[in-house]
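Asks: What shape does this take:
(one chain, ligands or ions: 1)
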Amino acid sequence: MKNGSSIIHTLDIASSFESYCQTNQISHFVFLIDENTKQSCLPFFNHLNPIFINIKAGEANKTYQKLEYIIAQMSELGMQKNSVLINLGGGVISDIGGFAASIYQRGIRFINIPTTLMAMVDAAIGGKNGVDFNHLKNFIGVFNLPNAVLISPQFLKTLPQNEIESAWSEVIKMGIIYNQQLFNNIHNELDLYEIIKTCSNLKSEITLLDFRDQNIRQLLNFGHTIGHALESYYLSINQPILHGFAVAKGMLFEIDLAQKLNMISIEESKSMKLMIQTKVRVESINHNEFEGLKSFLIKDKKNINSNIVFSLPTGIGKGKWGIELSIESLNN
Ligand SMILES: NC(=O)c1ccc[n+]([C@@H]2O[C@H](COP(=O)([O-])OP(=O)(O)OC[C@H]3O[C@@H](n4cnc5c(N)ncnc54)[C@H](O)[C@@H]3O)[C@@H](O)[C@H]2O)c1
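Replies: Below you'll find the predicted structure:
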């Protein structure tokens, strides 16, 4: 069992980064950024004259080809065993950068500095790294924890509103499937910084309990079995949708499924769906989307034999993983 990464919450990212580097004797580091974090986030570190690798933004770039490019750049920049890759960006950057660092020269250290709400509450924590393959989400990758995750809400000022909205899906997911208190706190509109702290700590707690995703961590797949297939479908037709929007639609579908299986009451289902649709502007999955996502669902890496595997709520704040259902039973 691996020890957790250190998660550092700060309101002054520049000084926290410098003191982390000093304490951990990090002298050679390279930032991985995308075109937007280059503009909005890298300037926080300008006084360090940062060396960086820059890729295009968005899910369509979380690919094997881009991974190869990053590795070529790491080599070009002379990164060695004691170098550290600093993933400065959203989930796309931490997923692909974590993977690159994990396989470069059999693995070098990496630090995630999440700059989207999605990455602060979820993606940057927990050590799942990877890329999509033939539009299949996270089809290639490794489990490997970052050495540290430095979280600062300073970055959220420049984040577009739809990215904030998208991230609420993962926050609500955590509340529905694992922590009723968090669900209530969202309902009571608790301060966003407190919600980030709670969510990142819960993600870290689950990761420590089940690093390799063999039992309780699977709860976090709630909304993602359908959500990932939907995301893949839209990627495949060159109309990518934000991860969180796909997950929100996935949760709406899977809540109905849980209710049909008598795992939750109608009242619970209503209150879960109301919270999702209050925070994220999404409609339920329509017939065309369901038909489109089916071919990706049958290739989901979680499938057992020909069954699709779900994690579903059994009430607010609790759930069950490993629920196997045939594709035929999932009529929309
Ligand atoms: N590894 C995991 O455990 C895990 C968990 C959840 C999601 N994910 C993955 O994370 C990805 C989604 O993450 P995301 O929503 O952060 O997407 P993202 O990385 O694509 O970032 C969203 C957009 O915001 C821009 N951006 C980032 N920070 C900014 C800032 N501070 N100001 C202005 N613009 C900024 C980016 O350039 C991008 O255009 C998906 O690939 C998903 O599969 C991984």
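
Asks: Residues of this structure that sit close to the ligand?
Replies: Applying C-beta under 6 Å from any ligand atom, we find that the chain lies next to the ligand at 34, 36-37, 40-41, 57-59, 62, 89-93, 95, 115-116, 118-119, 122-123, 126, 128, 137, 155, 158-159, 163, 166, 243. Bear in mind the C-beta positions are built from the backbone N, C-alpha and C, glycine included.

Asks: For M74, give its distance to I51.
Replies: 11 Å (C-beta to C-beta, to the nearest Å).

Asks: Find the residues that touch each one of these two.
Replies: Taking C-beta atoms under 8 Å, 6 or more residues apart in numbering as the contact rule, the neighbours common to M74 and I51 are V30.

Asks: now the residues of the chain next to the ligand: which count as buried?
Replies: Among the residues of the chain next to the ligand, those classed as buried by 16 or more other C-beta atoms under 10 Å are 34, 36-37, 40-41, 57, 59, 62, 89-93, 95, 115-116, 118-119, 122-123, 126, 128, 137, 155, 159, 163, 166, 243.

Asks: In helices, which of those residues appear?
Replies: Counting by DSSP state H, those place 36-37, 40, 91-93, 95, 118, 163, 166, 243 in helices.

Asks: These into CSV, with extra columns for pLDDT?
Replies: Below are these laid out as CSV (pLDDT from 0 to 100):
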residue, pLDDT
N36, 98
T37, 98
S40, 98
G91, 97
V92, 98
I93, 98
D95, 98
M118, 96
E163, 97
S166, 97
H243, 95
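
Asks: Could you give the average pLDDT over stretch 257-272?
Replies: Stretch 257-272 shows a mean pLDDT of 98.

Asks: Can I get that stretch as PDB, trimmed to CA atoms?
Replies: Only the C-alpha atoms of stretch 257-272 are listed here, as PDB (Å, rounded to 0.1, in the frame of the first residue of the first chain):
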ATOM      1  CA  LEU A 257     -31.400   2.900 -12.700                       C
ATOM      2  CA  ALA A 258     -30.900   2.800  -8.900                       C
ATOM      3  CA  GLN A 259     -34.500   3.700  -8.300                       C
ATOM      4  CA  LYS A 260     -35.800   1.000 -10.800                       C
ATOM      5  CA  LEU A 261     -33.700  -1.500  -8.800                       C
ATOM      6  CA  ASN A 262     -35.300  -0.300  -5.600                       C
ATOM      7  CA  MET A 263     -31.900   0.800  -4.200                       C
ATOM      8  CA  ILE A 264     -33.200   4.300  -3.500                       C
ATOM      9  CA  SER A 265     -36.600   5.900  -2.900                       C
ATOM     10  CA  ILE A 266     -38.400   8.200  -5.300                       C
ATOM     11  CA  GLU A 267     -37.800  11.100  -2.800                       C
ATOM     12  CA  GLU A 268     -34.100  10.400  -2.700                       C
ATOM     13  CA  SER A 269     -33.900  10.200  -6.500                       C
ATOM     14  CA  LYS A 270     -35.700  13.500  -6.800                       C
ATOM     15  CA  SER A 271     -33.500  15.300  -4.300                       C
ATOM     16  CA  MET A 272     -30.300  13.900  -6.000                       C
END
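
Asks: buried residues in it?
Replies: 257-259, 263-264, 268-269, 271-272.

Asks: now stretch 300-311
Replies: Buried residues in stretch 300-311, defined by neighbour count with 16+ other C-beta under 10 Å: 300, 302, 308-311.

Asks: Just name the closest of the ones in helices among the buried ones among the residues of the chain next to the ligand to N331, please.
Replies: For those, the closest approach to N331 (C-beta to C-beta) belongs to H243, at 25.6 Å.

Asks: Just the ones of the buried residues of stretch 300-311 in strands?
Replies: Per DSSP state E, strands hold the following members of the buried residues of stretch 300-311: 308-311.

Asks: now the helices for the stretch 101-250 of the chain?
Replies: Secondary structure of the stretch 101-250 of the chain by DSSP state H, counting those that start in this stretch: the helices cover 117-118, 161-178, 180-187, 192-209, 224-236, 243-260.
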